[in-house]
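Trainee: Here's a sequence, model it:
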Amino acid sequence: MFLCFLLAGRKQEIIKLTEQLLQAITSGDYGEYTKLVDPHLTSFEPEALGNLIVGLDFHKFYFDHVLSKNNKPVNTSILNPHVHLLGEDAACIAYVRLTQLIDRNGLPVTNHSEETRIWQRKDSKWQNVHFHRSGTPTVEQAK
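Mentor: Numbering: from 1, shown residues only. Below you'll find the predicted structure:
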């Protein structure tokens, strides 16, 4: 019984970390983002056009030129999160992400993507080390 409680707590911790990471992205807070991701983060995402991205430079561009300049409200929701615990120091979370925003014409838009994130605990700190996002590019409509 105690083990089930412990595992459920760890799964909730991964969900909460993922929510914090998405909040940092949504608010354009690169400082908070870098606290939650590994400096050698790898990713596959629509904006990379099928290429594997390694490191943070690709993402910093969007923080500097898109996310930090967006002054319109954005709301992000995680739907149906499922966490796989991969031992004591690793976890995988898969979910659907809904992003609600106001486009350049003042109209509400909802985007969705499917995301998987791999978290690893290093030196007692969880970091996102890899993610894969499918769907449409999320920064296009926020401009």
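
Trainee: drop to CA atoms for contacts and neighbour counts, all remaining ones
Mentor: Fine.

Trainee: where's I25, which helix or strand?
Mentor: helix 2-27 (DSSP states H and E).

Trainee: Check which element follows that helix along the chain.
Mentor: helix 30-36.

Trainee: helices or strands up against that next one?
Mentor: Other helices and strands packing on helix 30-36, by 3 or more C-alpha pairs under 8 Å, 6 or more residues apart in numbering; DSSP states H and E, are helix 2-27, strand 125-135.

Trainee: what comes up buried for stretch 44-56?
Mentor: By neighbour count on 16 or more other C-alpha atoms under 10 Å, the buried set for stretch 44-56 is F44, E45, P46, E47, I53, V54, L56.

Trainee: Show me how far the longest strand belonging to the chain is from its chain's centre.
Mentor: Looking across the chain with DSSP state E, the single longest strand is strand 108-122. Strand 108-122 sits 4 Å away from the centroid of its parent chain (C-alpha atoms, centre = their mean, to the nearest Å).

Trainee: got it, and stretch 48-61?
Mentor: Its chain's C-alpha centre and that of stretch 48-61 lie 14 Å apart, by C-alpha atoms, centre = their mean.
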